[in-house]
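Colleague: Need coordinates for the below:
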Amino acid sequence: MDIVKANGQIREFKEALQAGIDGFVRCGEIYVEAIDEDPRVADKFRDEFSDVVPTAMWSNFEAIGRKWMHPRLIMGGMSNRKKANIVKRLPYSMQERIFEHERFDLLVEGGDVLKVDPMEATDDQLDQMFNQSGARSTSEQRAYIESKRAKEAAQVETPEVLPYKIEGSKVTFRRYTTLTRAELKRLLTEM
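Modeller: Numbers count the residues shown, from 1 in each chain. Below you'll find the model as predicted:
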């Protein structure tokens, strides 16, 4: 295929895609205006467009119309679902900054701070960089890292799962449990 022709088709596709996104925004605005006037009209919209619009999509139209969710998230907009969910819970102004490829501080091991585009970050890095109200400061990221490290250490230190559980003077055995004489002796001393 001719490169010039392919570039033209890519440009045309991009324009059509943007028109579609703009159309979703306008649909969201119309839907919000209608349900703000009368919340019961939502059922009329769902009935009228039941063959075209999936039921779950109506909450997205409302979120877009109220500027709770960036319209690029309606089609995914992120490399994976977990990243999209992290971005969805952010304020709309922060979502816009992310889709404009703004770089945010990321605290890395050793205390260095990198400027990272959230669109290129991993899920864990996004969790570290953002909370539900926006971007975390480097000190908040340090606290997040320490908290995560403490949770992971606590999980490692969990005791072995015994084939029984002692509650007061009662012993409850797990299914298909076999005890040796030494284990039974140990059990009786624990009671």
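Colleague: C-alpha from now on. contacts and neighbour counts both.
Modeller: Noted.
Colleague: In the sheet, which strands lie alongside the least confident helix or strand in the chain by mean pLDDT, parallel or antiparallel?
Modeller: In the chain, no helix or strand scores lower on mean pLDDT, DSSP states H and E than strand 164-167, which sits at a mean of 78. The strands beside strand 164-167 in its sheet (DSSP bridges) come out as strand 170-173 (antiparallel).
Colleague: Just after the strand it pairs with, pick out the following helix or strand.
Modeller: Next along the chain after strand 170-173, taking DSSP states H and E as the criterion, comes helix 181-190.
Colleague: May I see the buried residues of that next one?
Modeller: Buried residues in helix 181-190, counted by 16 or more other CA atoms under 10 Å: none are found.
Colleague: And the least confident helix or strand of the chain, how far out from the chain middle?
Modeller: Chain-centre distance of strand 164-167: 38 Å, with CA atoms, centre = their mean, to the nearest Å.
Colleague: Run through who's touching it.
Modeller: Val171, Thr172, Phe173, Arg174, Thr177, Met191 (CA atoms under 8 Å, 6 or more residues apart in numbering).
Colleague: Please identify the nearest residue in space to the last one, excluding sequence neighbours.
Modeller: Beyond its immediate neighbours in the sequence, the residue positioned closest to Met191 (CA to CA, 6 or more residues apart in numbering) is Ser169, lying 6.5 Å away.
Colleague: quick one: pLDDT of that neighbour?
Modeller: Per-residue pLDDT puts Ser169 at 77.
Colleague: distance of it from Gln132?
Modeller: 47 Å (CA to CA, to the nearest Å).
Colleague: ok, those two, which is more surrounded?
Modeller: Gln132 (13 against 6; other CA atoms under 10 Å).
Colleague: re the thing from before, quick check: of the contacts of strand 164-167, which lies closest to Phe49?
Modeller: Checking the contacts of strand 164-167 against Phe49 by CA to CA gives Arg174 as the nearest, at 53.5 Å.
Colleague: Kindly provide the distance from Glu26 to Val171.
Modeller: Heads up, residue 26 is Arg, not Glu. 64 Å.
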